[in-house]
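**Q** Below are the sequence and a predicted model for it; my questions follow.
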Amino acid sequence: KAGVTQTPRYLIKTRGQQVTLSCSPISGHRSVSWYQQTPGQGLQFLFEYFSETQRNKGNFPGRFSGRQFSNSRSEMNVSTLELGDSALYLCASSLATTSEAFFGQGTRLTVV
Amino acid sequence: QKEVEQNSGPLSVPEGAIASLNCTYSDRVSQSFFWYRQYSGKSPELIMSIYSNGDKEDGRFTAQLNKASQYVSLLIRDSQPSDSATYLCAVKAGNTPLVFGKGTRLSVIA
């Protein structure tokens, strides 16, 4: 059974640009969550989607947005990139919002 | 603000010893508790989940939960150098998001 797939694995962007990250959950999983991980802050929750609906949202500025498609694949977008957005972005999928969550390999974003 | 607290470490144990990792949480209505292992440069990997008070064993790993004390722990028996990683405690209440601690770095010395 394939795991959670995140693309791309690595990205280098310039300040002010925008970026879109993609996440394909484990087959049959309908819940997708996104996290930002930095050395100082640990894993910070961005948002959670279930059946195309955003169920929860973390304390991030409006530059961070996401969506989920009917096949449960999810994308997150960051507009007007700042240096502080450099981080590992992790996607996790679960059967339901109350189930165990399994992480993808992450997308390492570097903003220069 | 829901919080999950872990000692950042590093926790150093000799090969073959028992490593004990601890976690406390602030939200009394938390229902689900998870331990993830994260190797440097990799993503977190789920190793244990526990939902009721007591112990849950899986191979060399034992998770312990005490809801009255708001405390969850992970024991690793016969620690191996390959167990050297950061261990993340995560807590969940119903449909609210998983809340992670900042992790404890474990170093197993051969």
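**A** All right, it came through fine. The structure presented is a predicted model; accordingly, all values stated were derived computationally and were not measured.
**Q** for the chain, what are the low-confidence residue spans?
**A** This is for chain A. For chain A, applying pLDDT under 70 flags the ranges A:1.
**Q** looking at chain B here, not the other one
**A** For chain B (pLDDT under 70), the answer is none.
**Q** which parts of it sit against chain A?
**A** Proximity of chain B to chain A (C-beta under 8 Å from any C-beta of the partner chain) is limited to residues B:31-32, B:34, B:36, B:42-46, B:49, B:88, B:90, B:92, B:94-103. Just so you know, the C-beta spots here come from the backbone N, C-alpha and C atoms, and that holds for glycine as well.
**Q** Buried ones among those?
**A** With neighbours counted by 16 or more other C-beta atoms under 10 Å in any protein chain shown, the residues of chain B next to chain A contain buried members at B:32, B:34, B:36, B:43-44, B:46, B:49, B:88, B:90, B:92, B:96-103.
**Q** State the distance from the spatially most central residue of chain A to chain B.
**A** The residue lying closest to the centre of chain A (C-alpha atoms, centre = their mean) is residue A:34, at 3.4 Å. Going from residue A:34 to chain B by C-beta to the nearest C-beta, to the nearest Å gives 10 Å.
**Q** Does that residue touch residue A:89 like I think?
**A** Yes. With contacts counted by C-beta atoms under 8 Å, residue A:34 reaches residue A:89, the gap being 6.7 Å.
**Q** Give the residues shared as contacts by the two.
**A** Counting by C-beta atoms under 8 Å, 6 or more residues apart in numbering or on different chains, the residues touching both residue A:34 and residue A:89 are A:46, A:76.
**Q** Tell me where chain B has strands.
**A** Ranges of strands within chain B are B:4-5, B:11-14, B:19-25, B:32-38, B:45-50, B:54-58, B:61-66, B:71-76, B:85-92, B:99-100, B:104-109, based on DSSP state E.
**Q** most packed of those?
**A** Mean neighbour count (mean count of other C-beta atoms under 10 Å in any protein chain shown) peaks for strand B:85-92 among the strands of chain B, with a mean of 24.
**Q** returning to what we had before: in three-state terms, label the residue nearest to the centre of chain A for me.
**A** strand (DSSP: H, G, I helix; E, B strand; the rest coil).
**Q** Across the sheet, point out what pairs with it.
**A** Per DSSP bridges, the residues bridged to residue A:34 are residue A:47, residue A:91.
**Q** who's in contact with it?
**A** Shown in contact with residue A:34 (C-beta under 8 Å, 6+ apart): A:23, A:45-48, A:66, A:74, A:76, A:89-92.
**Q** go with 7 Å
**A** A:46-47, A:66, A:76, A:89, A:91 (C-beta atoms under 7 Å, 6 or more residues apart in numbering or on different chains).
**Q** Out of those, give me the one that has the most neighbours.
**A** Neighbour counts for the contacts of residue A:34, by other C-beta atoms under 10 Å in any protein chain shown, peak at residue A:91, which reaches 30 neighbours.
**Q** Quick check: the gap between the nearest residue to residue A:52 once chain neighbours are set aside and chain B.
**A** Of all residues not flanking residue A:52 in the chain, residue A:68 sits nearest, at 4.9 Å (C-beta to C-beta, 6 or more residues apart in numbering or on different chains). Counting by C-beta to the nearest C-beta, the gap from residue A:68 to chain B is 15 Å.
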